[in-house]
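Visitor: I need the structure of the sequence given here:
(2 chains)
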Amino acid sequence: MNSFQRPIGEDDLHAYVDGFLDAERRRVVERYLADHPEAAARIAGWQRAGVALREAVAWKAQEPVPAELSVVRLVEARLSRRTARWQPAAAVFLAVAVGAGSGWFARGPGMPRGVDAVSMEAAIAYRVFATDRMHPVEFDAANRVELVAWATRRLGRAVAPPDLSKSGFHLIGGRLIATPQGPGCMFLYGNAQGNRITVFVRPMHKIDVNAPMRPVQAGGTTGFAWARDGLGVSLVASTPLPGLQKLSDQVRDAMSPET
Amino acid sequence: MSLLSRLEDSIPSLRRYAWTLLRDPAEADDLVQDCLVRALDRLGTVRSEAELRPWLFAILHNLHVSRWRRQRRQRQVAVADADADVAIPASQPAGAEIRDVLRGIAALPEDQRQIVVLVAVEGLAYAEVAAILGIPVGTVMSRLSRARDRLRAFAEGHERPALRRVK
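Guide: Residues are numbered from 1 along each chain as shown, chains lettered A, B, ... in the order given. Sure, this is the predicted structure:
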(Lines give C-alpha, C1' and ligand atoms only; values in the text may rest on other atoms or scores of the structure.)
Protein backbone atom coordinates (compact mmCIF):
# COMPACT_ATOMS: atom_id res chain seq x y z
CA MET A 1 0.00 0.00 0.00
CA ASN A 2 2.96 2.23 0.46
CA SER A 3 4.12 1.79 -3.08
CA PHE A 4 2.79 5.25 -3.97
CA GLN A 5 5.85 6.53 -2.19
CA ARG A 6 8.10 5.10 -4.85
CA PRO A 7 7.70 6.93 -8.16
CA ILE A 8 7.34 4.92 -11.35
CA GLY A 9 10.67 4.56 -13.13
CA GLU A 10 11.72 3.06 -16.43
CA ASP A 11 12.86 0.00 -14.52
CA ASP A 12 9.24 -0.52 -13.45
CA LEU A 13 8.08 -0.24 -17.03
CA HIS A 14 10.53 -2.92 -18.16
CA ALA A 15 9.69 -5.13 -15.21
CA TYR A 16 6.01 -4.66 -16.10
CA VAL A 17 6.62 -5.78 -19.68
CA ASP A 18 8.80 -8.71 -18.56
CA GLY A 19 6.46 -9.88 -15.84
CA PHE A 20 8.87 -9.28 -12.96
CA LEU A 21 6.52 -7.12 -10.81
CA ASP A 22 4.57 -8.33 -7.84
CA ALA A 23 0.80 -7.91 -8.01
CA GLU A 24 0.71 -4.71 -5.97
CA ARG A 25 3.38 -2.88 -7.93
CA ARG A 26 1.82 -4.11 -11.12
CA ARG A 27 -1.48 -2.43 -10.21
CA VAL A 28 0.39 0.80 -9.49
CA VAL A 29 2.04 0.70 -12.92
CA GLU A 30 -1.28 -0.08 -14.61
CA ARG A 31 -2.88 2.95 -12.93
CA TYR A 32 0.05 5.07 -14.06
CA LEU A 33 -0.28 3.87 -17.64
CA ALA A 34 -4.02 4.58 -17.60
CA ASP A 35 -3.23 8.20 -16.74
CA HIS A 36 -0.33 8.57 -19.18
CA PRO A 37 -1.36 7.61 -22.71
CA GLU A 38 2.06 8.40 -24.16
CA ALA A 39 3.80 6.05 -21.77
CA ALA A 40 1.07 3.49 -22.42
CA ALA A 41 1.69 3.70 -26.18
CA ARG A 42 5.40 3.26 -25.61
CA ILE A 43 4.85 0.17 -23.44
CA ALA A 44 2.41 -1.29 -25.95
CA GLY A 45 5.07 -0.77 -28.62
CA TRP A 46 7.69 -2.53 -26.48
CA GLN A 47 5.32 -5.42 -25.97
CA ARG A 48 4.45 -5.71 -29.65
CA ALA A 49 8.10 -5.57 -30.64
CA GLY A 50 8.86 -8.24 -28.02
CA VAL A 51 6.19 -10.55 -29.38
CA ALA A 52 7.43 -10.03 -32.94
CA LEU A 53 11.03 -10.61 -31.86
CA ARG A 54 10.18 -13.84 -30.07
CA GLU A 55 8.25 -15.05 -33.10
CA ALA A 56 11.06 -14.03 -35.42
CA VAL A 57 13.65 -16.22 -33.69
CA ALA A 58 11.45 -19.02 -32.35
CA TRP A 59 12.14 -21.28 -35.34
CA LYS A 60 15.80 -21.47 -34.39
CA ALA A 61 15.06 -23.07 -31.03
CA GLN A 62 12.58 -25.46 -32.65
CA GLU A 63 15.11 -26.86 -35.11
CA PRO A 64 16.32 -30.35 -34.27
CA VAL A 65 19.64 -30.11 -32.44
CA PRO A 66 22.47 -31.27 -34.72
CA ALA A 67 24.25 -34.47 -33.74
CA GLU A 68 27.53 -32.61 -33.11
CA LEU A 69 25.82 -30.82 -30.25
CA SER A 70 24.38 -33.90 -28.58
CA VAL A 71 25.52 -34.00 -24.97
CA VAL A 72 25.91 -37.76 -25.12
CA ARG A 73 28.28 -37.44 -28.03
CA LEU A 74 30.26 -34.62 -26.45
CA VAL A 75 30.60 -36.57 -23.20
CA GLU A 76 31.80 -39.60 -25.12
CA ALA A 77 34.27 -37.59 -27.17
CA ARG A 78 35.58 -35.91 -24.07
CA LEU A 79 36.04 -39.13 -22.16
CA SER A 80 37.62 -41.00 -25.02
CA ARG A 81 40.12 -38.14 -25.38
CA ARG A 82 40.88 -38.44 -21.72
CA THR A 83 41.13 -42.22 -21.88
CA ALA A 84 43.51 -41.99 -24.81
CA ARG A 85 45.75 -39.67 -22.86
CA TRP A 86 45.87 -41.98 -19.84
CA GLN A 87 45.87 -45.25 -21.67
CA PRO A 88 49.60 -46.11 -21.35
CA ALA A 89 49.65 -45.46 -17.61
CA ALA A 90 46.31 -47.16 -17.12
CA ALA A 91 47.46 -50.20 -19.05
CA VAL A 92 50.46 -50.63 -16.77
CA PHE A 93 48.30 -50.19 -13.72
CA LEU A 94 45.72 -52.66 -14.95
CA ALA A 95 48.36 -55.20 -15.89
CA VAL A 96 49.69 -55.05 -12.34
CA ALA A 97 46.21 -55.12 -10.84
CA VAL A 98 45.06 -57.99 -13.02
CA GLY A 99 48.30 -59.86 -12.45
CA ALA A 100 47.82 -59.56 -8.72
CA GLY A 101 44.12 -60.31 -8.98
CA SER A 102 44.38 -63.31 -11.22
CA GLY A 103 45.94 -65.25 -8.37
CA TRP A 104 42.66 -64.92 -6.62
CA PHE A 105 40.15 -65.21 -9.33
CA ALA A 106 41.77 -67.53 -11.82
CA ARG A 107 42.96 -70.16 -9.43
CA GLY A 108 40.38 -72.83 -10.06
CA PRO A 109 40.98 -74.75 -13.26
CA GLY A 110 37.35 -74.22 -14.32
CA MET A 111 37.44 -70.45 -13.90
CA PRO A 112 36.43 -68.84 -17.18
CA ARG A 113 38.73 -66.29 -18.75
CA GLY A 114 38.43 -63.70 -21.48
CA VAL A 115 35.17 -63.71 -23.41
CA ASP A 116 34.00 -66.80 -21.51
CA ALA A 117 34.23 -64.78 -18.31
CA VAL A 118 32.32 -61.94 -19.96
CA SER A 119 29.49 -64.24 -20.99
CA MET A 120 29.38 -65.73 -17.50
CA GLU A 121 29.18 -62.31 -15.88
CA ALA A 122 26.53 -61.26 -18.39
CA ALA A 123 24.46 -64.37 -17.63
CA ILE A 124 24.62 -63.78 -13.88
CA ALA A 125 23.67 -60.13 -14.31
CA TYR A 126 20.76 -61.17 -16.53
CA ARG A 127 19.44 -63.65 -14.00
CA VAL A 128 19.75 -61.28 -11.08
CA PHE A 129 18.54 -58.05 -12.65
CA ALA A 130 16.83 -58.53 -16.03
CA THR A 131 14.17 -60.74 -14.48
CA ASP A 132 13.39 -58.17 -11.80
CA ARG A 133 10.11 -56.46 -12.69
CA MET A 134 10.34 -53.87 -9.93
CA HIS A 135 13.76 -52.27 -10.21
CA PRO A 136 15.91 -53.85 -12.91
CA VAL A 137 17.92 -50.71 -13.75
CA GLU A 138 19.58 -47.80 -11.98
CA PHE A 139 19.00 -45.37 -14.84
CA ASP A 140 15.98 -45.70 -17.05
CA ALA A 141 15.82 -44.79 -20.72
CA ALA A 142 14.57 -41.28 -19.94
CA ASN A 143 17.93 -40.63 -18.27
CA ARG A 144 20.03 -41.98 -21.11
CA VAL A 145 22.42 -39.03 -20.91
CA GLU A 146 23.22 -39.73 -17.27
CA LEU A 147 23.48 -43.44 -17.94
CA VAL A 148 26.01 -42.90 -20.74
CA ALA A 149 28.04 -40.36 -18.76
CA TRP A 150 28.11 -42.57 -15.71
CA ALA A 151 28.91 -45.84 -17.48
CA THR A 152 31.57 -44.10 -19.52
CA ARG A 153 33.17 -42.67 -16.41
CA ARG A 154 33.11 -45.91 -14.47
CA LEU A 155 34.29 -48.12 -17.31
CA GLY A 156 36.95 -45.62 -18.32
CA ARG A 157 35.94 -45.72 -21.96
CA ALA A 158 33.05 -44.52 -24.06
CA VAL A 159 30.11 -46.89 -23.87
CA ALA A 160 26.54 -46.19 -24.86
CA PRO A 161 23.49 -48.42 -25.34
CA PRO A 162 23.04 -49.17 -29.04
CA ASP A 163 19.73 -48.32 -30.65
CA LEU A 164 17.88 -51.58 -31.32
CA SER A 165 14.47 -50.06 -32.00
CA LYS A 166 14.55 -51.21 -35.62
CA SER A 167 14.50 -54.76 -34.31
CA GLY A 168 11.64 -53.97 -31.98
CA PHE A 169 13.70 -53.70 -28.79
CA HIS A 170 13.51 -50.47 -26.83
CA LEU A 171 15.94 -49.46 -24.14
CA ILE A 172 14.58 -49.91 -20.61
CA GLY A 173 17.72 -48.62 -18.92
CA GLY A 174 21.02 -49.75 -17.53
CA ARG A 175 23.06 -50.42 -14.45
CA LEU A 176 26.59 -50.96 -13.26
CA ILE A 177 27.66 -54.56 -12.61
CA ALA A 178 30.51 -55.65 -10.33
CA THR A 179 32.82 -58.22 -11.90
CA PRO A 180 36.13 -59.76 -10.77
CA GLN A 181 37.75 -57.58 -13.46
CA GLY A 182 36.16 -54.34 -12.28
CA PRO A 183 33.00 -52.51 -13.29
CA GLY A 184 30.87 -53.66 -16.19
CA CYS A 185 27.64 -52.23 -17.47
CA MET A 186 24.39 -53.92 -18.41
CA PHE A 187 21.93 -52.31 -20.79
CA LEU A 188 18.42 -53.78 -20.62
CA TYR A 189 15.97 -53.84 -23.54
CA GLY A 190 12.41 -55.05 -23.94
CA ASN A 191 10.12 -55.67 -26.90
CA ALA A 192 6.36 -55.59 -27.38
CA GLN A 193 6.09 -59.32 -26.65
CA GLY A 194 7.58 -58.77 -23.20
CA ASN A 195 10.92 -60.41 -24.04
CA ARG A 196 13.94 -58.96 -22.35
CA ILE A 197 17.48 -58.98 -23.61
CA THR A 198 20.60 -57.40 -22.18
CA VAL A 199 23.78 -56.06 -23.68
CA PHE A 200 26.58 -56.45 -21.15
CA VAL A 201 29.90 -54.68 -21.66
CA ARG A 202 33.16 -54.43 -19.79
CA PRO A 203 36.77 -53.65 -20.65
CA MET A 204 39.01 -56.65 -21.46
CA HIS A 205 42.40 -56.96 -19.84
CA LYS A 206 45.15 -58.75 -21.78
CA ILE A 207 43.13 -61.89 -22.57
CA ASP A 208 40.73 -61.73 -25.55
CA VAL A 209 41.20 -58.04 -26.24
CA ASN A 210 39.77 -58.96 -29.63
CA ALA A 211 37.75 -62.13 -30.03
CA PRO A 212 35.31 -63.21 -32.74
CA MET A 213 31.64 -63.51 -31.99
CA ARG A 214 30.51 -66.88 -30.75
CA PRO A 215 27.28 -68.33 -29.37
CA VAL A 216 27.31 -68.78 -25.61
CA GLN A 217 25.04 -70.51 -23.12
CA ALA A 218 25.43 -70.05 -19.43
CA GLY A 219 23.27 -70.23 -16.36
CA GLY A 220 20.08 -70.87 -18.28
CA THR A 221 20.60 -67.99 -20.68
CA THR A 222 21.59 -67.95 -24.28
CA GLY A 223 23.26 -65.37 -26.47
CA PHE A 224 26.45 -64.27 -28.15
CA ALA A 225 29.73 -62.85 -26.90
CA TRP A 226 32.72 -61.21 -28.47
CA ALA A 227 35.40 -58.60 -27.83
CA ARG A 228 36.60 -55.79 -29.98
CA ASP A 229 39.25 -53.18 -29.28
CA GLY A 230 39.41 -54.11 -25.64
CA LEU A 231 35.67 -54.04 -25.00
CA GLY A 232 34.02 -57.35 -24.19
CA VAL A 233 30.34 -57.59 -25.09
CA SER A 234 27.73 -60.22 -24.47
CA LEU A 235 24.15 -60.15 -25.67
CA VAL A 236 21.92 -62.31 -23.49
CA ALA A 237 18.36 -63.59 -23.72
CA SER A 238 16.48 -66.09 -21.58
CA THR A 239 15.32 -68.15 -24.53
CA PRO A 240 16.85 -68.68 -27.97
CA LEU A 241 14.84 -65.99 -29.71
CA PRO A 242 14.89 -65.97 -33.48
CA GLY A 243 17.10 -63.26 -34.89
CA LEU A 244 19.41 -63.14 -31.89
CA GLN A 245 22.51 -63.44 -34.04
CA LYS A 246 21.36 -60.67 -36.35
CA LEU A 247 20.73 -58.54 -33.30
CA SER A 248 24.25 -59.31 -32.04
CA ASP A 249 25.70 -58.28 -35.39
CA GLN A 250 23.79 -55.03 -35.07
CA VAL A 251 25.11 -54.43 -31.57
CA ARG A 252 28.67 -55.22 -32.62
CA ASP A 253 28.52 -52.76 -35.50
CA ALA A 254 26.90 -50.08 -33.36
CA MET A 255 29.48 -50.40 -30.62
CA SER A 256 32.53 -50.23 -32.83
CA PRO A 257 34.36 -46.98 -32.33
CA GLU A 258 33.52 -44.50 -35.03
CA THR A 259 36.36 -43.40 -37.19
CA MET B 1 23.30 -35.75 -12.30
CA SER B 2 20.24 -34.08 -13.68
CA LEU B 3 22.39 -31.03 -14.40
CA LEU B 4 23.33 -32.89 -17.57
CA SER B 5 19.68 -33.11 -18.59
CA ARG B 6 19.22 -29.43 -17.87
CA LEU B 7 22.29 -28.73 -19.93
CA GLU B 8 20.76 -30.65 -22.79
CA ASP B 9 17.46 -28.80 -22.38
CA SER B 10 19.31 -25.48 -22.74
CA ILE B 11 20.87 -26.27 -26.11
CA PRO B 12 17.99 -24.98 -28.27
CA SER B 13 18.01 -21.59 -26.57
CA LEU B 14 21.82 -21.39 -26.69
CA ARG B 15 21.61 -22.05 -30.44
CA ARG B 16 18.97 -19.36 -30.80
CA TYR B 17 21.05 -16.82 -28.90
CA ALA B 18 24.22 -17.71 -30.79
CA TRP B 19 22.34 -17.30 -34.04
CA THR B 20 21.16 -13.80 -33.12
CA LEU B 21 24.77 -12.93 -32.24
CA LEU B 22 26.35 -14.29 -35.40
CA ARG B 23 23.50 -14.75 -37.87
CA ASP B 24 25.45 -17.54 -39.48
CA PRO B 25 24.10 -21.01 -38.67
CA ALA B 26 27.42 -22.87 -38.94
CA GLU B 27 29.39 -20.32 -36.94
CA ALA B 28 26.63 -20.18 -34.36
CA ASP B 29 26.68 -23.95 -33.86
CA ASP B 30 30.47 -23.88 -33.62
CA LEU B 31 30.18 -21.36 -30.84
CA VAL B 32 27.56 -23.47 -29.05
CA GLN B 33 29.75 -26.55 -29.36
CA ASP B 34 32.72 -24.75 -27.80
CA CYS B 35 30.40 -23.54 -25.08
CA LEU B 36 29.13 -27.06 -24.33
CA VAL B 37 32.62 -28.56 -24.29
CA ARG B 38 33.75 -25.93 -21.82
CA ALA B 39 30.59 -26.32 -19.77
CA LEU B 40 31.06 -30.09 -19.51
CA ASP B 41 34.57 -29.51 -18.20
CA ARG B 42 33.32 -27.26 -15.45
CA LEU B 43 29.88 -28.63 -14.69
CA GLY B 44 31.14 -29.58 -11.25
CA THR B 45 31.36 -25.93 -10.27
CA VAL B 46 27.62 -25.34 -10.76
CA ARG B 47 25.87 -25.50 -7.43
CA SER B 48 22.22 -25.42 -8.45
CA GLU B 49 20.02 -25.93 -11.45
CA ALA B 50 18.90 -22.30 -11.26
CA GLU B 51 22.49 -21.19 -11.81
CA LEU B 52 22.98 -23.35 -14.85
CA ARG B 53 21.24 -21.35 -17.57
CA PRO B 54 22.78 -17.92 -16.85
CA TRP B 55 26.12 -19.69 -16.40
CA LEU B 56 25.84 -21.24 -19.85
CA PHE B 57 24.98 -17.91 -21.44
CA ALA B 58 27.96 -16.34 -19.69
CA ILE B 59 30.29 -19.00 -21.11
CA LEU B 60 28.82 -18.46 -24.58
CA HIS B 61 29.17 -14.72 -24.27
CA ASN B 62 32.81 -14.89 -23.13
CA LEU B 63 33.71 -17.27 -25.94
CA HIS B 64 32.00 -14.99 -28.42
CA VAL B 65 33.94 -11.98 -27.18
CA SER B 66 37.29 -13.74 -27.26
CA ARG B 67 36.63 -15.14 -30.74
CA TRP B 68 35.62 -11.76 -31.99
CA ARG B 69 38.83 -10.22 -30.62
CA ARG B 70 40.94 -12.96 -32.14
CA GLN B 71 39.28 -12.57 -35.53
CA ARG B 72 39.74 -8.85 -35.47
CA ARG B 73 43.42 -9.25 -34.61
CA GLN B 74 43.99 -11.83 -37.28
CA ARG B 75 42.16 -10.15 -40.08
CA GLN B 76 42.61 -6.57 -39.00
CA VAL B 77 39.06 -5.95 -40.04
CA ALA B 78 36.12 -5.19 -37.88
CA VAL B 79 33.41 -7.76 -38.10
CA ALA B 80 30.39 -6.09 -39.60
CA ASP B 81 28.18 -5.23 -36.71
CA ALA B 82 25.04 -3.91 -38.25
CA ASP B 83 24.59 -5.65 -41.53
CA ALA B 84 20.93 -5.14 -42.09
CA ASP B 85 20.63 -8.40 -43.93
CA VAL B 86 19.19 -10.91 -41.50
CA ALA B 87 18.58 -14.25 -43.04
CA ILE B 88 15.30 -15.80 -42.16
CA PRO B 89 14.86 -19.19 -43.77
CA ALA B 90 12.48 -19.16 -46.71
CA SER B 91 10.60 -22.01 -45.07
CA GLN B 92 9.59 -19.74 -42.20
CA PRO B 93 6.46 -17.70 -42.55
CA ALA B 94 7.32 -14.12 -41.77
CA GLY B 95 4.83 -11.31 -41.55
CA ALA B 96 5.76 -7.71 -42.22
CA GLU B 97 6.13 -6.96 -38.52
CA ILE B 98 8.50 -9.89 -38.03
CA ARG B 99 10.63 -8.81 -40.95
CA ASP B 100 10.68 -5.27 -39.59
CA VAL B 101 11.73 -6.39 -36.15
CA LEU B 102 14.45 -8.58 -37.64
CA ARG B 103 15.81 -5.59 -39.50
CA GLY B 104 15.54 -3.65 -36.28
CA ILE B 105 17.49 -6.21 -34.27
CA ALA B 106 20.19 -6.29 -36.93
CA ALA B 107 20.44 -2.50 -36.88
CA LEU B 108 21.00 -2.36 -33.12
CA PRO B 109 24.52 -2.01 -31.74
CA GLU B 110 25.63 -5.40 -30.50
CA ASP B 111 25.54 -4.51 -26.80
CA GLN B 112 21.89 -3.49 -27.10
CA ARG B 113 21.02 -6.49 -29.22
CA GLN B 114 22.50 -8.91 -26.68
CA ILE B 115 20.54 -7.34 -23.84
CA VAL B 116 17.17 -7.22 -25.54
CA VAL B 117 17.49 -10.82 -26.74
CA LEU B 118 18.61 -12.11 -23.34
CA VAL B 119 15.71 -10.30 -21.66
CA ALA B 120 12.84 -10.46 -24.13
CA VAL B 121 13.58 -13.78 -25.82
CA GLU B 122 15.51 -15.82 -23.27
CA GLY B 123 13.61 -14.45 -20.29
CA LEU B 124 16.65 -13.87 -18.09
CA ALA B 125 16.45 -11.55 -15.09
CA TYR B 126 18.17 -8.14 -15.32
CA ALA B 127 20.74 -9.09 -12.67
CA GLU B 128 21.51 -12.29 -14.55
CA VAL B 129 22.00 -10.37 -17.78
CA ALA B 130 24.29 -7.93 -15.98
CA ALA B 131 26.37 -10.83 -14.64
CA ILE B 132 26.52 -12.53 -18.06
CA LEU B 133 27.74 -9.40 -19.80
CA GLY B 134 29.89 -8.20 -16.91
CA ILE B 135 28.25 -4.77 -16.68
CA PRO B 136 26.22 -2.98 -13.98
CA VAL B 137 22.45 -3.53 -13.83
CA GLY B 138 21.91 0.20 -14.43
CA THR B 139 23.71 -0.08 -17.75
CA VAL B 140 21.56 -3.06 -18.67
CA MET B 141 18.42 -1.04 -17.98
CA SER B 142 19.42 2.04 -19.95
CA ARG B 143 20.53 -0.03 -22.94
CA LEU B 144 17.33 -2.04 -22.72
CA SER B 145 15.32 1.20 -22.97
CA ARG B 146 17.22 2.32 -26.05
CA ALA B 147 16.95 -1.12 -27.65
CA ARG B 148 13.21 -1.36 -27.02
CA ASP B 149 12.48 2.14 -28.29
CA ARG B 150 14.43 1.40 -31.43
CA LEU B 151 12.75 -1.94 -32.03
CA ARG B 152 9.39 -0.35 -31.44
CA ALA B 153 10.17 2.23 -34.09
CA PHE B 154 11.09 -0.52 -36.54
CA ALA B 155 8.08 -2.65 -35.68
CA GLU B 156 5.74 0.30 -36.11
CA GLY B 157 7.36 1.17 -39.40
CA HIS B 158 8.70 4.57 -38.31
CA GLU B 159 12.22 3.59 -39.05
CA ARG B 160 13.56 1.78 -42.06
CA PRO B 161 17.09 0.89 -42.80
CA ALA B 162 18.53 2.32 -45.97
CA LEU B 163 16.94 0.04 -48.49
CA ARG B 164 18.17 0.13 -51.98
CA ARG B 165 15.41 1.72 -53.92
CA VAL B 166 14.84 0.84 -57.52
CA LYS B 167 13.35 3.66 -59.47
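Visitor: name the nearest residue to the residue in chain B positioned nearest to chain A, sequence neighbours excluded.
Guide: For chain B and chain A, the shortest gap (CB to the nearest CB) falls at B:Arg152, measuring 3.5 Å. Just so you know, the C-beta spots here come from the backbone N, C-alpha and C atoms, and that holds for glycine as well. With sequence-adjacent residues excluded and distances taken as CB to CB, 6 or more residues apart in numbering or on different chains, B:Arg152 is closest to A:Gly45, at 3.5 Å.
Visitor: can you check B:Glu49 too?
Guide: B:Arg6 (5.4 Å).
Visitor: and the one you found, which of the three is it?
Guide: Of the three states, B:Arg6 takes helix according to DSSP: H, G, I helix; E, B strand; the rest coil.
Visitor: now do the same contact list for it.
Guide: B:49, B:52-53 (CB atoms under 8 Å, 6 or more residues apart in numbering or on different chains).
Visitor: now what about stretch B:139-158, what contacts it?
Guide: Taking CB under 8 Å, 6+ apart as the rule, stretch B:139-158 contacts A:10-11, A:14, A:17, A:42, A:45-46, A:48-50, A:52-53, B:97, B:100-101, B:103-105, B:107-108, B:111-113, B:115-116, B:119-120, B:126, B:129-130, B:133, B:159-160.
Visitor: roughly how far out does that stretch sit from the chain middle?
Guide: Taking CA atoms, centre = their mean, to the nearest Å, one finds the center of stretch B:139-158 at 15 Å from the center of the full chain.
Visitor: so which bits of the helix ranked longest in chain B are buried?
Guide: Among the segments of chain B that qualify as a helix by DSSP state H, the longest is helix B:49-75. The neighbour-count check on helix B:49-75 (16 or more other CB atoms under 10 Å in any protein chain shown) flags B:52-61, B:63-64, B:67-68 as buried.
Visitor: with stretch A:185-198 instead?
Guide: Result for stretch A:185-198 [16+ other CB under 10 Å]: buried residues A:185-190, A:196-198.
Visitor: from those, which are also near chain B?
Guide: Taking CB under 8 Å from any CB of the partner chain as the test, chain B is in contact with none of those.
Visitor: columns secondary structure on top of those, output as a markdown table?
Guide: Listed next are the buried residues of stretch A:185-198 as a markdown table, based on three-state DSSP:
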| residue | secondary structure |
| --- | --- |
| A:Cys185 | strand |
| A:Met186 | strand |
| A:Phe187 | strand |
| A:Leu188 | strand |
| A:Tyr189 | strand |
| A:Gly190 | strand |
| A:Arg196 | strand |
| A:Ile197 | strand |
| A:Thr198 | strand |
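Visitor: farthest pair within these?
Guide: For the buried residues of stretch A:185-198, the farthest-apart pair by CB to CB is A:Cys185 and A:Gly190; their separation is 17.4 Å.
Visitor: in which helix or strand does the closest residue to A:Glu30 other than its chain neighbours reside?
Guide: Once flanking residues are discounted, A:Glu30 sits nearest to A:Tyr16: 8.0 Å by CB to CB, 6+ apart. Using DSSP states H and E, A:Tyr16 maps to helix A:10-18.
Visitor: so what touches that helix?
Guide: With CB under 8 Å, 6+ apart as the criterion, helix A:10-18 contacts A:20-21, A:25-26, A:28-30, A:39, A:42-43, A:46-47, A:50, B:119-120, B:123, B:126, B:141, B:144-145, B:148.
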